[in-house]
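output the structure for:
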Amino acid sequence: MKRIFWVLLLVIAVAVSGCSKKEVPAQEGAAAPDFTLQDLSGKQVQLSSLKGKVVLVNFWATWCPPCREEIPSMVKLNQVMQGKNFQMLAISVDEGGKQAVQEFFRQNGVSLPALFDTDGSVSRRYGTTGVPETFIVDGKGIIRKKVIGGVDWSAPEVLQYLEGLMQGK
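Next up, the predicted model:
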């Protein structure tokens, strides 16, 4: 009787473990999961269309204090990198989507290239654990850096790192 119980338990465990489809979180050195999301103007933006550029993919929310703290440095970084092989994608996970972000930008006098992941599908593909969480993708579409938490994106060492990536280093 005991043996039947253990065999039955093993069969159930194997069956159940085979049923769940786990997504592997995006990791440094791996290809960045492709996605297509809508921007503030309603245009579809696809990550893979940005190959050849260094892309900063930042998951954030208007209600997140560390996100709010790092936004000014993201704005500065975006201005400094204007005209270079660089693209910032600030992916909002706000349930309020476009309206919430537009209101936040208006109230704070900022603007960033925002995309909307209101259903959370892209953040799930990246395996984010919270916000802010940032992935730096090189020109070949490989994740070079994963950063959890807020950062001063305008710091000299960040600019130097990004410049190095744009030069293929």
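
once you drop chain neighbours, what's closest to Lys84?
The spatial neighbour of Lys84 that comes closest, neighbours along the chain excluded (C-beta to C-beta, 6 or more residues apart in numbering), is Met166 at 6.3 Å. All C-beta atoms are positioned from the backbone trio N, CA, C, and that covers glycine.

how near is that neighbour to Lys53?
For Met166, the distance to Lys53 (C-beta to C-beta, to the nearest Å) stands at 8 Å.

same question, Gly109
For Gly109, the distance to Lys53 - C-beta to C-beta - is 27 Å.

more neighbours: which of these two?
For Gly109 versus Lys53, the count of surrounding residues by other C-beta atoms under 10 Å is larger for Lys53: 18 against 7.

ok, that one to Ala32 distance?
Lys53 sits 12 Å away from Ala32, going by C-beta to C-beta.

what's the overlap in contacts for those two?
When C-beta atoms under 8 Å, 6 or more residues apart in numbering defines a contact, no residue borders Lys53 and Ala32 alike.

low-confidence ranges in the chain?
Where the chain drops to pLDDT under 70, the residues are 1-23.

now the strands for this protein?
Along the chain, counting by DSSP state E, strands occupy 36-38, 44-46, 54-60, 86-92, 114-116, 133-137, 143-148.

which of the ones you listed is buried the deepest?
By mean neighbour count, with neighbours taken as mean count of other C-beta atoms under 10 Å, strand 54-60 ranks first of the strands of the chain at a mean of 25.

partners of that strand in the sheet?
Taking DSSP bridges as the criterion, strand 54-60 sits next to strand 86-92 (parallel), strand 133-137 (antiparallel) in its sheet.

do a quick rundown of the helices in this protein.
For the chain, the helices defined by DSSP state H occupy 2-19, 65-80, 97-108, 121-126, 156-166.

in the shortest one, what counts as buried?
Translated: helix 121-126. Within helix 121-126, the residues that count as buried by 16 or more other C-beta atoms under 10 Å are Val122, Ser123, Arg125, Tyr126.
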